[in-house]
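Chemist: Test case, fold it:
(one chain, ligands or ions: 1)
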Amino acid sequence: MQRHSLRAAAAGVALLVAMAGSVRADSKDYEFQLLDKEVKQGAAVLSVKLVHKPSGRAISDAVIFATRMDMGPAGMEMMTAPIEAASSTEPGVYQFKTYLGMAGEWALSLGAKVQGETGTVENKLVLKAVQ
Ligand SMILES: [Cu+2]
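Modeler: Alright, predicted model coming up:
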């Protein structure tokens, strides 16, 4: 019973993050920073740095648990793109493979757990795909 409700709660959180992307984060000292704010339309690899704001330190051992890419900023929330974690060699930088089939503004929604911190870090980052 206990186990079942925990799993259901986890699924609920993941769903909320995926759908709304506006859940308040508890870990406000951390933020994702998009390193490429403009990419070519089509296949792209995005680099995102997770930063501890007070110290400016990059966080390399976080667990990224939710991602979504959609054209919400262009008024097309229903238009999504595949998003997949890719391996990164730079500490604190997380990379994601995507395919942006349309030029315009896209939002990348991310959630993360930082080791030793309660709560989650959630950000929605806007980037532009150009032809
Ligand atoms: Cu679109």
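Chemist: quick check, Lys128 in a strand?
Modeler: Yes: going by DSSP: H, G, I helix; E, B strand; the rest coil, the assignment for Lys128 places it inside a strand.
Chemist: contacting residues around it?
Modeler: Lys37, Glu38, Val39, Gly104, Glu105, Trp106 (Cβ atoms under 8 Å, 6 or more residues apart in numbering). Placement of C-beta: from N, CA and C, glycine included.
Chemist: likewise Gly72?
Modeler: Going by Cβ under 8 Å, 6+ apart, the list of residues near Gly72 reads Ala107.
Chemist: Next one: Ser27 relative to Asp36, how far apart?
Modeler: 24 Å (Cβ to Cβ, to the nearest Å).
Chemist: okay, these two: which has more neighbours?
Modeler: The neighbour comparison of Ser27 against Asp36 (other Cβ atoms under 10 Å) goes to Ser27, with 17 against 13.
Chemist: how near is Met76 to the ion?
Modeler: 4 Å (Cβ to the ion, to the nearest Å).
Chemist: Kindly apply the preceding question to Leu125 instead.
Modeler: Applying Cβ to the ion to Leu125 and the ion gives a distance of 17 Å.
Chemist: same thing with Met69?
Modeler: 11 Å.
Chemist: Met102 is in contact with that residue, correct?
Modeler: No: with contacts counted by Cβ atoms under 8 Å, Met69 stays clear of Met102, the gap being 11.5 Å.
Chemist: of the two, who's got more company?
Modeler: More crowded of Met69 and Met102, by other Cβ under 10 Å: Met69, with 23 against 14.
Chemist: Of all the residues in stretch 87-103, which ones are buried?
Modeler: Within stretch 87-103, the residues scored as buried using 16 or more other Cβ atoms under 10 Å are Ser88, Gly92, Tyr94, Gln95, Phe96, Thr98, Leu100.
Chemist: mean confidence for the helix or strand hosting the third one?
Modeler: Secondary-structure assignment from DSSP states H and E places Tyr94 in strand 93-100. Computed over strand 93-100, the mean pLDDT rounds to 96.
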